[in-house]
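Asker: Task: produce atomic coordinates for the following.
(chains A and B)
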Amino acid sequence: MGVIKDLLREELDNSLRLRVDYKEELKKYPGGSIVVKDIRGHNYYYLAYRDAKKVRFIYKGKKISKDDIGKLKESKRFRVKYKKLIQKLDRRIKYLKRALHGKED
Amino acid sequence: MEKKINTLCLEVLNRLNEAGVLKDLIVIGSWSIYFYKYYFKSKAYSTYIRTKDIDFLVPIPLKFQKETNIFELVKDLGFLERYRGSKGYIQLEHPDLSIEFLVPERGRGEDKPYSISQLSINAQPLRFLDFLIENTISVNAEGLHIKLPHPAAYALHKFIIFKRRSKVEKRDRDIEGALRVFNELVRHKKHIEIRYIFKRMHKKWQQKILDNLKSIEEPEIVSILTE
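Answerer: All right, here's what the predicted structure looks like:
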């Protein structure tokens, strides 16, 4: 097997493994946004997130700290970053498989 | 894609530099081949197909004056911290770049990661790396001062270790990379530097290199080294 083909094979293996790792990492960062519900003149904070076709709300309290908002923002930033990298890996895996005439599994 | 990888690599190096860590690290492995373009400064020199891995050689004794968490420095670029193999060597991984750390193995050698708590990492001890630490150059790459093994040391080191590779493709890559750098040195008439570095090596290593070069039929390089 040529050096180029070996490099492509190694890259494909790495990309498949890394895609799994990013998907695992993504689970550590919750998605969603903070929403405020006004119920009888009082503000109540919820974390709204999508679960398949449904939008779910998790009650967070009558107040929400700046720290929580900061954490959520950071979580969002990482989710966006990781999703982009997963997409990149998807494209790379597709390309490498074509180049190697291989199959994913 | 190539440009993006280079940008990412330079960003990592830039962050290490800003944290005051880069000056105490040596970039080794196939990325050295890329950075030698700032040393050779010739259009004819091709930076070759390199792997994504960027290996940092950490000289011992450690010189870091303050604690820096390297993973935290690069995490927002999308790097993941992973533990490689059964020994658990730390690897910072990104689709375009993989960062690893190495230290020279001394004495009998220990088959476990070398902890570098100042950087919150561990490093893999490997043989023959002291030789690279003893022969370094510094290049100015996009405003960054990057420490590299002298190209002659790089090539000679590869001429020793390629025989120790279990994977044929890695062995072939070592040989190709070493020949490319060595031939560029010859093109720049750096024979004196090559021989100076070669002669400073342990006699056994010199002999090993000559034997290895004969095994891959490179008599011209043998004659340059033994002139």
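
Asker: Please identify which helix or strand holds residue 74.
Answerer: Unless you meant another one, I'm taking chain A. Assigned by DSSP states H and E, A:E74 belongs to helix A:66-100.

Asker: try again with chain B
Answerer: helix B:70-74.

Asker: Which elements pack onto the helix or strand just after that helix?
Answerer: Next helix or strand after helix B:70-74 toward the C-terminus (DSSP H and E): strand B:80-84. The contact analysis (3 or more Cβ pairs under 8 Å, 6 or more residues apart in numbering or on different chains; DSSP states H and E) places strand B:80-84 against helix A:3-26, strand B:89-94. Every residue, glycine included, has its C-beta placed from N, CA and C.

Asker: any idea which helix or strand comes after the shortest one?
Answerer: I take that to be strand B:89-94. Counting by DSSP H and E, the element after strand B:89-94 in chain order, helix or strand, is strand B:97-104.

Asker: So what are the sheet partners of that following strand and their directions?
Answerer: The strands beside strand B:97-104 in its sheet (DSSP bridges) come out as strand B:53-57 (parallel), strand B:89-94 (antiparallel), strand B:121-126 (parallel).

Asker: so how far is A:A52 from A:Q87?
Answerer: 20 Å (Cβ to Cβ, to the nearest Å).

Asker: More neighbours: the two, which one.
Answerer: Ranked by neighbour count (other Cβ atoms under 10 Å in any protein chain shown), A:Q87 and A:A52 place A:Q87 first, with 11 against 6.

Asker: Please report the distance of the more buried one from chain B.
Answerer: As judged by Cβ to the nearest Cβ, to the nearest Å, A:Q87 and chain B stand 10 Å apart.

Asker: roughly how far is the lowest-mean-pLDDT helix or strand in chain B from the heart of the chain?
Answerer: When the helices and strands of chain B are scored by mean pLDDT, DSSP states H and E, helix B:2-18 comes last with a mean of 88. Remark: helix B:2-18 is offset 16 Å from the chain centroid, using Cα atoms, centre = their mean, to the nearest Å.

Asker: any residue of it up close to chain A?
Answerer: No - Helix B:2-18 stays clear of chain A (Cβ under 8 Å from any Cβ of the partner chain), getting no nearer than 9.8 Å.

Asker: pLDDT below threshold where in the chain?
Answerer: Since you didn't name a chain, this refers to chain A. For chain A, the stretches with pLDDT under 70 are A:1-3, A:102-105.

Asker: Let me rephrase: I mean chain B.
Answerer: In chain B, residues with pLDDT under 70: B:1-4, B:48-50, B:109.

Asker: hmm, 80 instead?
Answerer: Confidence mapping of chain B against pLDDT under 80 gives the ranges B:1-5, B:46-51, B:85, B:107-111.

Asker: So which bits of it are right by chain A?
Answerer: Checking chain B against chain A by Cβ under 8 Å from any Cβ, the hits are B:49, B:51-52, B:76, B:78, B:80, B:82, B:93-95, B:98, B:169, B:172-173, B:176.

Asker: I'd like to know which of those are buried.
Answerer: B:51-52, B:78, B:80, B:93-95, B:98, B:169, B:173, B:176 (16 or more other Cβ atoms under 10 Å in any protein chain shown).

Asker: Tell me which residues touch the spatially most central residue of chain B, please.
Answerer: Nearest to the mean C-alpha position of chain B, counting by Cα atoms, centre = their mean, stands B:I28 at 1.3 Å. Applying Cβ atoms under 8 Å, 6 or more residues apart in numbering or on different chains to B:I28 gives the contacts B:55-57, B:102, B:129, B:132, B:148-149, B:154.

Asker: so what's it bridging to?
Answerer: In beta-bridge terms (that is, DSSP bridges), B:I28 pairs with B:D55.

Asker: What distance do you get for it to B:L102?
Answerer: For B:I28 relative to B:L102 (Cβ to Cβ), the value is 7 Å.

Asker: Equivalent analysis for A:R77, please.
Answerer: 32 Å.

Asker: Between the two, point out the one with more neighbours.
Answerer: A count of neighbours by other Cβ under 10 Å puts B:L102 above the other of A:R77 and B:L102, at 20 against 12.

Asker: Quick check, the more buried one in contact with B:Q124.
Answerer: Yes - here B:L102 lies in contact with B:Q124, judged by Cβ atoms under 8 Å, at a distance of 5.3 Å.
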